[in-house]
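[1] A structural model of the following input is requested.
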Amino acid sequence: MAQKKKANDDYKIIDAAIKAGQVGSFYIFHGEEHYLRDRYLQSLRKHLCPDGLGGFNYKRFEGKDITPDSLEDAVDTLPVFAERTLIEIHDFELFPKRKQDGEEQQEEKKPKRKESKSGPPPLLRMLSALPDYVCLLFVYDTLTYKPDSRVKINKEILKHAQVIEFCVQDQKNLVKWMMSHYRSLGKSIKASDAEHLIHITGGLMSTLKSEIEKTVAYSKNETVSRSDIDAVVIPELDAVVYQLTDSLVKREHVKAMHILDELLRMREAPHRLMFSISLKMRQLLAARVCIEDGLGKNDLMKMCAIVYDFQAKMLLDTARKSTLTACRNAVLNCARAAYDLNSSPDPESRMVELITQLAFAR
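    Below you'll find the predicted structure:
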């Protein structure tokens, strides 16, 4: 298996293989950026099955429907009037999980069978010796990709696989892609406004694509502005919570309460709100610590696993308006509220109480 490079560039591995005509025999696609994943799925299909997906050389299975026998049959079937066969398997539990302590004890009580000397398990044996005419692709969509490294067979499987992670793209690549997409639709956008759209939507390309098309349809000007974006794009929860916390730090208490009221009216679960507010307050504390210690934006991004540097800049700008003590107290108040929320008869009232505490904390 090739060594994994920077996560944001994983897709370049399959892109280069397709362009060079050197597609391998065994791939695993996973990651939350479904737009990129689907794009390279289409490229792979077009490359290996130029006559379309209705012929003999393309086989797709859902994980819940496939059996070891049907997989082996698909692998053993020679391509028809083509060089390769593409076999796609979606949401199949490829990697065995480690047995829990209780299960291991039950196994120990069972009569031990004589160990087989026939070699590795059938699945591993097949994956390690795929014929050159096969391209076997496992796609993780609704199923989480998380192979347990403590299980020996999982390590053996991964030795033969090319794992491609389609993750959230970095800011530079995403802004460049957005500007190109706007140009293709006859519009333009400033980099700062593109960053704003990324911030309020979460940065997934599949979401951004639809929001770009929405803003293009709405805008009456050649350049899509921030006001156009705010008029038609509904911000995701994290972006709204940032507005709430920013209002609290700026002592805009009425605005903060109004935002909370809107969130509760939208039937956002108090526990989900609590998680988001607590996370943002911890990030704010981290930003304040960075300021106190003379650290910068890159340090904060590493500390909090923040993807986009403009988000780190926003946190640092907000933290400069607060104090280290206030940020610490905010985190403690969130922790107490989170604990209370589990037994509170009126979670919404507890959320209002928390926002009041945060608004007047020093």
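[2] how long is stretch 229-244 from one end to the other?
    Using CA to CA, to the nearest Å, the end-to-end distance of stretch 229-244 comes to 19 Å.
[3] Buried residues, that stretch. List them.
    For stretch 229-244, burial by neighbour count (16 or more other CB atoms under 10 Å) applies to 229, 233, 235-236, 239-242, 244. C-beta coordinates here come from the backbone N, C-alpha and C atoms, glycine included.
[4] same question, stretch 293-304
    Of all the residues in stretch 293-304, those buried under the rule 16+ other CB under 10 Å are 295, 297, 299-301, 304.
[5] Give me the contact list for that stretch.
    282-283, 286-287, 289-290, 306-307, 309, 312-313, 315-316 (CB atoms under 8 Å, 6 or more residues apart in numbering).
[6] which one of these is nearest R328?
    Using CB to CB, V289 comes nearest to R328 of these, at 9.4 Å.
[7] The closest one: what's it in contact with?
    295, 324.
[8] residues in contact with the residue lying closest to E236 once chain neighbours are set aside?
    Once flanking residues are discounted, E236 sits nearest to G202: 4.9 Å by CB to CB, 6 or more residues apart in numbering. Going by CB under 8 Å, 6+ apart, G202 touches 236, 238-239.
[9] at 10 Å what do you get?
    G202 makes contacts with 32, 168, 208, 235-239, 307, as judged by CB atoms under 10 Å, 6 or more residues apart in numbering.
[10] Go through these and flag which are in helices.
    Judged by DSSP state H, the contacts of G202 include 208, 237-239 as members of helices.
[11] can you redo those residues as a markdown table with distance to F95?
    Formatted as a markdown table, the ones in helices among the contacts of G202 follow (distance: CB to CB, whole Å):
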| residue | distance to F95 |
| --- | --- |
| L208 | 31 |
| L237 | 32 |
| D238 | 31 |
| A239 | 35 |
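[12] Now render those as a markdown table, adding pLDDT and distance to K187.
    Shown next, in a markdown table, are these (pLDDT from 0 to 100; distance: CB to CB, whole Å):
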| residue | pLDDT | distance to K187 |
| --- | --- | --- |
| L208 | 96 | 14 |
| L237 | 90 | 28 |
| D238 | 88 | 26 |
| A239 | 90 | 22 |
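[13] Are we agreed that I87 is in a strand?
    Yes. Counting by DSSP: H, G, I helix; E, B strand; the rest coil, I87 falls inside a strand.
[14] ok so, going back, got the buried residues of stretch 293-304 as TSV, with distance to A194, pLDDT and secondary structure columns?
    Listed next are the buried residues of stretch 293-304 as TSV, based on distance: CB to CB, whole Å; pLDDT from 0 to 100; DSSP: H, G, I helix; E, B strand; the rest coil:
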residue	distance to A194	pLDDT	secondary structure
L295	27	95	coil
K297	19	93	helix
D299	25	95	helix
L300	22	96	helix
M301	19	94	helix
C304	22	94	helix
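[15] any idea how far K250 is from F360?
    For F360, the distance to K250 (CB to CB, to the nearest Å) stands at 14 Å.
[16] could you point out which element follows the least confident helix or strand in the chain by mean pLDDT?
    None of the helices or strands of the chain scores lower by mean pLDDT, DSSP states H and E than helix 101-109, at a mean of 49. Beyond helix 101-109 on the C-terminal side, the first helix or strand identified by DSSP states H and E is helix 122-127.
[17] next SSE after that following helix?
    Heading C-terminal from helix 122-127 (DSSP H and E), you reach strand 134-139.
[18] What pairs with that next one, parallel or antiparallel?
    Each strand paired with strand 134-139, and its direction, by DSSP bridges: strand 26-30 (parallel), strand 85-90 (parallel).
[19] Determine the three-state secondary structure at the closest residue to K250 other than its chain neighbours.
    The spatial neighbour of K250 that comes closest, neighbours along the chain excluded (CB to CB, 6+ apart), is K321 at 6.3 Å. Following three-state DSSP, K321 is assigned to coil.
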